[in-house]
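using only what follows, build the 3D model:
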Amino acid sequence: MAVLWAMRPRTGEQSGGARSVVAAVLVIVASLGMLGSVVYAGHTGATAAWQARIAATTPGADN
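Numbering: from 1, shown residues only. Predicted coordinates:
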């Protein structure tokens, strides 16, 4: 939330301009990065569970 704190309008200063655009882009990039990591973690977890299920149901598997 440091980005939101940095985006706050300061006294005696006009809000808007290039800084707010840069801050918005940073927020979007950070959100996409978090979303991507969550999707990746979910995918790898599902893959591990899928592999474990196959190993458990495969006759003769050493587990």
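
how near is Ser31 to Ala24?
Remark: distance between Ser31 and Ala24 (Cβ to Cβ, to the nearest Å) = 11 Å. Where C-beta positions appear, they are placed from N, C-alpha and C, glycine not excepted.

low-confidence ranges, the chain, go.
Along the chain, the model assigns pLDDT under 70 to residues 1-16, 60-63.

what ranges do the helices span in it?
Using DSSP state H, the helices of the chain run over 2-7, 18-57.

who are the packing partners of the longest one?
Okay, so that is helix 18-57. Applying 3 or more Cβ pairs under 8 Å, 6 or more residues apart in numbering; DSSP states H and E, we find helix 18-57 packed against helix 2-7.

burial count for Gln51?
The local packing of Gln51 (other Cβ atoms under 10 Å) involves 10 other residues.

what's the answer for Ala23, then?
Ala23: 14 neighbours (other Cβ under 10 Å).

would you quantify the distance from Ala55 to Ala49?
On the measure of Cβ to Cβ, Ala55 and Ala49 end up 11 Å apart.

again with Ala18
Ala18 is 47 Å from Ala49, by Cβ to Cβ.

those two - which one has more neighbours?
Ala49 (10 against 7).

let me see the contact set for the more buried one.
Listed by Cβ atoms under 8 Å, 6 or more residues apart in numbering, the contact set of Ala49 is empty.

quick one: it from Val38, how far?
The value you get for Ala49 to Val38, if Cβ to Cβ is used, is 16 Å.

please apply the same query to Pro59.
36 Å.

give me the neighbour count for Leu26.
Neighbours of Leu26 using other Cβ under 10 Å come to 13.

how far away is it from Ala18?
13 Å.

quick check: neighbours shared by those two?
Here Leu26 and Ala18 share no contacting residue, scored by Cβ under 8 Å, 6+ apart.

and Met34, how many neighbours?
So Met34, with other Cβ under 10 Å, has 10 neighbours.

then the one 10 residues further on?
By the criterion of other Cβ under 10 Å, Thr44 has 10 neighbours.

got it, and Val27?
As a measure of burial, Val27 has 13 neighbours, counting by other Cβ under 10 Å.

alright, calling it a day.
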